[in-house]
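**Student:** below are the sequence and a predicted model for it; my questions follow.
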Amino acid sequence: MKAGLRGVLFLAIIIMGGAACASEPVPDKPGWSGLVTMGVGALNAKTNMVAGINRYNIDIGENRINSLSDEPDSKSTGMPQLNLNINYTFASQTQLFFGNSLENVLQFDTAAIAGVRQQFSDKSILELSMVSTPFLSPTQTWEDPYVVGVNRKETDRTSRGPRIEYDKILGTGFGVQYTQRKTEIDKERSGTTQLGLPADQAKLLEREGDTRRLVGYYRFPRIERNIFEIRVGRLS
């Protein structure tokens, strides 16, 4: 729910193969370039709010719960990982790109990213993009998560919004990223099916709204083709 994200601080340490890192320099020569990486990941989830990931045909939540106070069961499963990036670079070291970031793949985020990045003389990179859940692979959630004793109905959860990132600031390993995404539920009926809440109370359970994410990070130099990255950010 929206209130659960407000004011959350997080710290992440990410270890990524250098060849798959989205922060690779913009090529000097114009033309097409790209990257495709595939693998298998493991997922362990414990939630009463998410039904599954449509893109991978993975079920996470239980169709039926017997009590609103019961703790959900933990589910473990394997899932394919696909990282795709397609780029076109101009002579000015301006690059158009489309794909999904490795960072998002590692967090089981199906969002696609399209935008433009510009590399400057100090090797810093300014990126402007749009982040959007692909039409064919939304996350599955429940129309009304607060239904007990009968099967809950699934619906789509999508999100989209702008992102701005300044990477390798002044040629260093420092960077900053800001993302704003609007989350929409195809059929949002929280608290209205069985609980019969009046409109003003049901509105407090709505899962739609804006999420803002501000992240500062530092990428350490390559060590045996790995990049160690520390990210500190805030959700609101």
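**Tutor:** That came through fine.
**Student:** pretty sure residue 166 contacts residue 176?
**Tutor:** Yes: assessed by C-beta atoms under 8 Å, residue 166 is found in contact with residue 176 at 5.5 Å. Every residue, glycine included, has its C-beta placed from N, CA and C.
**Student:** quick check, residue 72 in a strand?
**Tutor:** No: Residue 72 sits outside any strand when classified using DSSP: H, G, I helix; E, B strand; the rest coil, being coil.
**Student:** now it: closest residue in space that isn't a chain neighbour?
**Tutor:** residue 48 (4.7 Å; C-beta to C-beta, 6 or more residues apart in numbering).
**Student:** now do that neighbour against residue 120, distance only.
**Tutor:** 47 Å (C-beta to C-beta, to the nearest Å).
**Student:** the two: who's more crowded?
**Tutor:** residue 48 (17 against 13; other C-beta atoms under 10 Å).
**Student:** tell me the contacts of the more buried one?
**Tutor:** Applying C-beta atoms under 8 Å, 6 or more residues apart in numbering to residue 48 gives the contacts 61, 62, 65, 72, 145.
**Student:** residues contacting the closest residue to residue 168 other than its chain neighbours?
**Tutor:** In space, and not counting its chain neighbours, residue 168 is closest to residue 124: 4.6 Å by C-beta to C-beta, 6+ apart. Contact analysis of residue 124 by C-beta under 8 Å, 6+ apart lists 166, 167, 168, 169, 170, 171.
**Student:** so what does residue 124 look like in phi/psi?
**Tutor:** Main-chain torsions, residue 124, degrees, to the nearest 10: phi -70, psi 150.
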